[in-house]
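Trainee: What follows is a predicted structure for the sequence shown.
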Amino acid sequence: MADVLEVRAEILREIAGRTVCEQLKQIAERYPDSPAYSDPVDGGWSTLTYGQARQRVLEIAAGFLTLGMEPGDAVALMMVNRSEHVLADLGAVHAGGMPCSVYSTFAPDQIAFVADDVAAKYAVLGGAADLARWEPVLDQLPEIRKIIVLNGAPAADRFLSWDDLLELGRARLAEDAAAVDARWQAVTADDVLTVLYTSGTTGMPKGVPLTHVNAFYECAATDRMTALPTQGTQISYLTYAHIAERVLSLYLPLTKVSHVHFCTDLANLGATLGQVRPMMFFGVPRVWEKMMAKLQALLAGQPEEQQEKVRQAMAAGRAYVEAGQHGRGVTPEIQAAYESADAALLSIVRGMIGFDRAEWTATGAAPLPDEVQGFFAGLGLRVIDVYGMTETTGAFTANSPACYKLGSVGRPEPGVEVRIAEDGEILTRSPLNTGGYLGRAAEELIDEDGWLRTGDIGTVDDDGFYRVVDRKKELIITAGGENISPAAIENYLKEHPLIGQALAYGDNRPFPVAILTLDGEIAPGWARAQGIAFTSMAELVEHPDVVKAVEAAVEAANVKLARVQQIKKWALLPTEWTAETAELTPSLKLKRRVIHAKYADVIERLYTG
């Protein structure tokens with residue numbers, strides 16, 4: 001414990017008094033010509049240097065001041081990942097404001113709730129699609145003084161174009177730069193840097209205020225565990241309403257002088273990876289699952305002789321990564337086999353998918369299936385788990401490239417305390433913790449001794465590596481009193497490439513059942529390869545060969561499960577679940593209550609049919 005507290009004190013001294021405003025000033029002065037942010041344009045990139053980015057941030061801050069922004073005023077942001085999102089965020093902070101990125105998949109009533117809850121005075125929207133989500137509830141938000149729209153601002157007093165905001169800012173800077181400087185210099189490390197909202201898996205989202213101290217402590221802890229180089233390249237593609245993306249591609253680049261490339265559409269992620277070849281990459285499990293499925297489909301189309309070479313090479317890669325885990329050792333034989341396979345094939349495959357320069361690849365937000373982690377290990381990639389939540393400014397336990405255990409979420413980050421409560425809940429205490437939910441009593445989240453209740457059930461092994469079993473509220477308790485983790489069942493079910501998503505159900509029931517969907521990208525190609533004719537997914541899910549394949553996948557999963565966990569009946573749906581259709585959160589986690597309600601009749605038939 002003494003060592004933990006000493007490390008914590010050391011990091012706090014290192015970041016003492018640091019604000020995003022001061023950090024950007026230092027980086028812009030020291031690395032004015034270093035590339036900061038690149039947006040995709042006509043197959044190439046439009047890039048701002050750190051010197052140019054800071055000047056733009058000051059212009060935006062000055063524009064906000066001209067619009068009447070006061071310290072503490074909230075600014076709601078909704079747009080895709082692009083430089084303007086980061087610049088508007090930082091501009092608001094420099095003006096003393098409080099930015100709040102809103103999930104672009106939120107329904108209008110959720111948007112209204114968040115904007116009202118955070119008391120937004122301004123909004124910055126990307127364009128017509130974002131504006132369409134806000135328009136139905138704008139009359140309910142009279143406190144919003146000005147709505148800035150990047151593209152296609154309506155011709156009305158309440159709206160302002162992005163270009164007009166910049167013009168206001170440039171004029172204000174020219175006549176009163178001292179006022180702008182005074183505003184950002186008044187920002188302190190303990191001020192709220194942003195308010196992020198939980199993704200709403202169990203109801204309306206809750207606001208999480210995070211300070212400059214929270215953010216810089218996370219950056220410092222991450223840097224110690226990853227030892228990433230300065231001025232590296234990375235991709236920003238997950239929403240800035242998600243804490244992982246916000247830390248990794250907004251705050252951390254300000255300490256590592258990273259070059260951030262924006263991917264504005266997830267469909268273009270593969271191409272962007274090939275162009276950027278990032279030094280680091282974080283993906284929620286669904287992103288890694290999709291990449292694995294595409295690679296498997298590509299490999300399946302190769303001649304059998306080539307497929308066998310790939311299997312042998314990947315076996316060497318997996319053996320190498322598994323042998324490198326904590327407490328184990330890479331033997332000379334394993335090392336030699338890996339180096340041979342890497343030179344002949346694995347390094348080529350990594351280069352094809354843009355990971356030839358990756359020094360840190362990670363996942364979080366939900367459990368990564370073992371098969372997926374093992375697949376990428378076969379390519380020589382350590383896709384390591386980190387664990388955290390919005391309320392802890394992101395990760396508070398993590399594996400590192402040098403110290404990891406596959407299947408675990410790692411050890412506590414430097415200076416972070418973690419323990420398991422008597423009922424199995426994971427608790428944590430550190431400078432990463434928020435002070436409590438916006439407008440709610442701190443006791444709702446944090447006990448009197450400063451321990452934050454995560455709501456997750458977990459375990460810890462003798463080497464200090466933690467594992468997350470499941471959400472405390474999501475554990476299934478069967479009619480026979482058995483406690484079952486649905487996530488564990490679902491991950492085994494999703495190991496088959498045909499199955500895109502799975503939900504296990506069984507609370508107060510005699511046995512678990514499952515609702516499954518086909519993978520919308522893999523299933524059509526698989527079907528065509530099998531000679532199956534179909535005109536729709538609805539037709540495909542009823543085809544006997546598809547039903548037989550899914551039945552085999554369920555049986556394969558059941559072999560790995562205890563008897564009480566095994567799926568007795570299942571249903572295959574004709575459509576995938578998405579955030580837009582409300583079954584998934586914006587971070588692609590299951591909204592179990594929504595699925596339970598939406599498919600209540602399907603579930604009931606599994607028990608009565």
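Mentor: The structure has been received and is ready for your questions. Every value quoted in this text rests on a predicted model; they were computed, and no experiment measured them.

Trainee: For the residue lying closest to Gln185 once chain neighbours are set aside, give me the pLDDT.
Mentor: Once its chain neighbours are removed from consideration, Gln185 has its nearest residue in Cys21; the separation is 7.4 Å (Cβ to Cβ, 6 or more residues apart in numbering). (C-beta placed from N, C-alpha, C; glycine too.) pLDDT recorded at Cys21 is 98.

Trainee: try Glu422
Mentor: pLDDT recorded at Glu422 is 91.

Trainee: Give me the distance between the two termini of stretch 90-105.
Mentor: Stretch 90-105 has an end-to-end distance of 23 Å (Cα to Cα, to the nearest Å).

Trainee: what's the answer for stretch 574-590, then?
Mentor: Start-to-end span of stretch 574-590 (Cα to Cα) is 17 Å.

Trainee: Please apply the same query to stretch 256-274.
Mentor: Distance between the boundary residues of stretch 256-274 (Cα to Cα) amounts to 22 Å.

Trainee: Now that stretch: buried residues?
Mentor: Of the residues in stretch 256-274, those with enough neighbours to count as buried (16 or more other Cβ atoms under 10 Å) are 256-264, 269-270, 272-273.

Trainee: Now stretch 363-383: buried residues?
Mentor: If you call a residue buried by 16+ other Cβ under 10 Å, then stretch 363-383 has these buried ones: 363-369, 372-383.

Trainee: now the strands for the stretch 1-150 of the chain?
Mentor: For the stretch 1-150 of the chain, strands defined by DSSP state E, counting those that start in this stretch occupy the ranges 35-41, 44-49, 74-78, 98-101, 120-125, 146-149.

Trainee: swap that for the stretch 501-609 of the chain, sorry
Mentor: For the stretch 501-609 of the chain, strands defined by DSSP E, counting those that start in this stretch occupy the ranges 513-518, 569-573.

Trainee: What about the buried residues of stretch 363-383, which are in strands?
Mentor: Using DSSP state E to define strands, the subset of the buried residues of stretch 363-383 located there is 363, 383.

Trainee: Would you tell me which one of the buried residues of stretch 256-274 comes nearest to Pro401?
Mentor: Using Cβ to Cβ, Lys256 is the member of the buried residues of stretch 256-274 that sits closest to Pro401, with 15.7 Å.

Trainee: Now do the phi/psi pair for that closest one.
Mentor: Listed backbone geometry of Lys256 is phi -110, psi 0, with angles given as degrees, to the nearest 10.

Trainee: Now do the same contact list for the spatially closest residue to it that is not a sequence neighbour.
Mentor: In space, Lys256 comes closest to Thr230 once its chain neighbours are excluded; the distance is 5.3 Å by Cβ to Cβ, 6+ apart. Under the criterion of Cβ atoms under 8 Å, 6 or more residues apart in numbering, the neighbours of Thr230 are 256-258.

Trainee: cutoff 10 Å now
Mentor: 31, 34, 223, 255-258 (Cβ atoms under 10 Å, 6 or more residues apart in numbering).

Trainee: with the residues you listed in mind, which one is nearest to Gln501?
Mentor: Set against Gln501, the nearest of those by Cβ to Cβ is Ser258 (32.9 Å).

Trainee: Hmm, Thr226 and that closest one touching each other?
Mentor: No. Contact status for Ser258 versus Thr226: not in contact, 12.0 Å apart, counting by Cβ atoms under 10 Å.

Trainee: which neighbours do those two share?
Mentor: Each of 252, 279-280 lies in contact with both Ser258 and Thr226 under the rule Cβ under 10 Å, 6+ apart.

Trainee: So which of the residues you listed belong to helices?
Mentor: For the shared contacts of Ser258 and Thr226, the ones inside helices are Leu252, with DSSP state H as the criterion.

Trainee: could I get the shared contacts of Ser258 and Thr226 as TSV with distance to Ile420?
Mentor: Formatted as TSV, the entries for those read as follows, by distance: Cβ to Cβ, whole Å:
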residue	distance to Ile420
Leu252	29
Met279	34
Met280	30
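
Trainee: from the contacts of Thr230, which two are the most distant?
Mentor: For those, with distances taken as Cβ to Cβ, the pair at the greatest spread is Ser34 and Asp223 (17.6 Å).

Trainee: Report pLDDT for Ala2.
Mentor: Among the per-residue scores, Ala2 shows a pLDDT of 67.

Trainee: Got the domain ranges for the protein?
Mentor: For the chain, whose domains are defined here by automatic domain parsing, the residue ranges read 20-187+229-268, 285-430+456-472, 475-608.

Trainee: how about these in a markdown table, adding distance to Asn214?
Mentor: A markdown table is the format used below for the domains of the chain (distance: least, Cβ to Cβ, whole Å):
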| stretch | distance to Asn214 |
| --- | --- |
| domain 20-187+229-268 | 10 |
| domain 285-430+456-472 | 4 |
| domain 475-608 | 19 |
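
Trainee: Skipping adjacent residues, who's closest to Gly410 in space?
Mentor: Spatially, and ignoring its direct neighbours in sequence, Gly410 is nearest to Asn399 (3.7 Å; Cβ to Cβ, 6+ apart).

Trainee: now the farthest one out in the chain, which residue is it?
Mentor: Within the chain, the residue lying farthest from the chain centre (Cα atoms, centre = their mean) is Glu175, at 41.7 Å.

Trainee: got the phi/psi numbers for that residue?
Mentor: Dihedral angles of Glu175 (phi, psi; degrees, to the nearest 10) stand at phi -100, psi -20.

Trainee: so where is the chain shaky, pLDDT-wise?
Mentor: For the chain, the stretches with pLDDT under 70 are 1-2, 199-203, 480-481.

Trainee: Using PDB, write out every CA atom in the biggest strand by length in it.
Mentor: For the chain, the strand that runs over the most residues, judged by DSSP E, is strand 452-460. Once non-C-alpha atoms are left out, strand 452-460 reads as follows in PDB (Å, rounded to 0.1, in the frame of the first residue of the first chain):
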ATOM      1  CA  LEU A 452     -16.000   4.000  -6.000                       C
ATOM      2  CA  ARG A 453     -18.400   1.100  -6.600                       C
ATOM      3  CA  THR A 454     -18.000  -0.100 -10.200                       C
ATOM      4  CA  GLY A 455     -21.100  -2.300 -10.300                       C
ATOM      5  CA  ASP A 456     -19.000  -5.100 -11.700                       C
ATOM      6  CA  ILE A 457     -18.300  -8.500 -10.200                       C
ATOM      7  CA  GLY A 458     -14.700  -9.600 -10.400                       C
ATOM      8  CA  THR A 459     -11.800 -11.700  -9.200                       C
ATOM      9  CA  VAL A 460      -8.100 -11.200  -8.600                       C
END
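
Trainee: related to what we said a few turns ago, now the contacts of Thr230 as JSON lines including distance to Leu138?
Mentor: Supplementary listing: the contacts of Thr230 in JSON lines, determined by distance: Cβ to Cβ, whole Å:
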{"residue": "Tyr31", "distance to Leu138": "41"}
{"residue": "Ser34", "distance to Leu138": "40"}
{"residue": "Asp223", "distance to Leu138": "42"}
{"residue": "Thr255", "distance to Leu138": "38"}
{"residue": "Lys256", "distance to Leu138": "39"}
{"residue": "Val257", "distance to Leu138": "39"}
{"residue": "Ser258", "distance to Leu138": "37"}
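
Trainee: what's the closest of the residues you listed to Val409?
Mentor: Distance ranking of those against Val409, using Cβ to Cβ, places Asp223 first at 19.0 Å.

Trainee: just checking, that closest one touches Pro253?
Mentor: No. Using Cβ under 10 Å, Asp223 is not in contact with Pro253, being 11.6 Å away.

Trainee: who's more crowded, those two?
Mentor: Under the criterion of other Cβ atoms under 10 Å, the comparison of Asp223 against Pro253 puts Pro253 first, with 23 against 16.
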